[in-house]
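# sequence-free structure coming up:
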């Protein structure tokens with residue numbers, strides 16, 4: 001099985017495979033590469049609908065150049081907890097960030113959310129985020145404000161009174177509930193529009209259909225989030241020898 005970076009020809013084959021609707025696993029088999037390699041390649045370069053082999057190749061070269069310029073000669077990669085591979089972690093964080101961006105999260109907000117999510121503690125301070133992502137404090141502040149408004153992070157104070165930003169299972173639950181509440185607001189506004197537009201008119205009928213659809217989605221989202229939290233959410237077990 002070949003190793004190293006993908007070649008431009010391999011990227012062209014990936015692009016052709018995506019255009020033909022071929023699954024990642026089959027594309028990987030044809031290239032004699034791991035499926036994870038093809039998945040990372042596609043997701044970090046626009047996703048399956050926007051992937052272009054030439055742009056992906058140039059983007060990879062630019063990233064490699066930036067890493068070479070940023071790393072001092074002879075510098076070793078930072079040690080990773082639990083024996084994780086530093087390069088694999090960096091690549092996976094890029095993939096996760098790209099997936100978040102594809103779902104509609106702005107780039108910097110996606111980077112911060114991915115960084116928080118992939119830490120074992122699930123929390124970091126502003127200064128830790130600045131150091132890890134190599135961006136300005138203002139960029140972190142703006143990203144946190146956005147994520148906080150979406151219910152995707154929680155703010156806490158640690159023992160040194162520093163503000164920490166937390167991502168855990170409860171945060172995703174709260175985010176889903178915030179999304180459902182936003183839909184309810186749209187439903188209420190749409191139904192107000194029915195009266196303004198005049199019942200029985202085409203525009204009023206359209207607004208009523210929007211209200212009914214989103215009302216159903218909001219109710220289903222709320223119910224599913226509550227059920228999932230009750231069934232799936234488990235608290236971490238206490239280390240052996242400790243009592244609750």
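Thanks, I have it. Keep in mind that this is a model prediction, so the values were computed, not measured. Numbering: from 1, shown residues only.
# Tell me if I'm right that residue 129 and residue 141 touch.
No - with contacts counted by Cβ atoms under 8 Å, residue 129 stays clear of residue 141, the gap being 9.8 Å. Where C-beta positions appear, they are placed from N, C-alpha and C, glycine not excepted.
# tell me the mean pLDDT over stretch 14-29?
Stretch 14-29 shows an average pLDDT of 91 in the prediction.
# can you list contacts of it?
By Cβ atoms under 8 Å, 6 or more residues apart in numbering, the residues outside stretch 14-29 that reach it are 6, 13, 30-31, 34-35, 37-39, 41-42, 48, 51-53.
# Tell me how far the helix or strand where residue 88 lies lies from the chain's centre.
Using DSSP states H and E, residue 88 sits within helix 86-102. Averaging C-alpha positions (Cα atoms, centre = their mean, to the nearest Å) puts helix 86-102 9 Å from its chain's average.
# Would you tell me what the next helix or strand after that helix is?
Following helix 86-102 toward the C-terminus (DSSP H and E): helix 107-117.
# Not counting its own residues, what contacts the helix or strand following that following helix?
Sequence order places strand 123-125 as the next helix or strand after helix 107-117, per DSSP H and E. Strand 123-125 is contacted from outside by 115, 116, 132, 156, 158, 162, 163, 164, 165, 166, 167, using Cβ under 8 Å, 6+ apart.
# Identify the residues contacting the first one.
Residues near residue 115 by Cβ under 8 Å, 6+ apart: 93, 124, 129, 132, 133.
# Could you rerun that using 10 Å?
Residues near residue 115 by Cβ atoms under 10 Å, 6 or more residues apart in numbering: 93, 96, 97, 124, 128, 129, 132, 133, 140, 143, 165, 167.
# Pull out the buried positions in the helix or strand containing residue 186.
Here residue 186 is covered by helix 169-197, with elements defined by DSSP H and E. Using 16 or more other Cβ atoms under 10 Å as the test for burial, helix 169-197 gives 171-177, 179-180, 183, 187, 190-191, 193-194, 197.
# Could you figure out how far that helix is turned away from helix 107-117?
Using axes from the mean of the first three to the mean of the last three Cα atoms, to 10 degrees, one finds that helix 169-197 and helix 107-117 are set 140 degrees apart in direction.
# ok, residue 95 to residue 134 distance?
19 Å (Cβ to Cβ, to the nearest Å).
# Quote the end-to-end distance of stretch 157-175.
With Cα to Cα, to the nearest Å as the measure, stretch 157-175 spans 21 Å from end to end.
# got a list of contacts for that stretch?
If you take Cβ under 10 Å, 6+ apart as the criterion, stretch 157-175 is touched by 112-119, 121-129, 140, 143-144, 147-148, 150-156, 225-226, 228-229, 232-235.
# quick revisit: settle it for me: which of residue 95 and residue 134 has more neighbours?
Each of residue 95 and residue 134 had its neighbours counted (other Cβ atoms under 10 Å), and the higher figure belongs to residue 95 (17 against 7).
# Test my guess that that one contacts residue 38.
No - taking Cβ atoms under 10 Å as the definition, residue 95 is not a contact partner of residue 38, at 11.3 Å.
# Regarding the protein, what is its longest helix?
Criterion DSSP state H: the longest helix present in the chain is helix 202-232.
# Spit out the contact partners of the spatially most central residue of the chain.
Note on the chain: the residue nearest the mean C-alpha position is residue 100, at 2.8 Å, using Cα atoms, centre = their mean. In this structure, residue 100 makes contact with 106, 107, 109, 110, 111, 112, 113, 114, 117, 152, judged by Cβ under 10 Å, 6+ apart.
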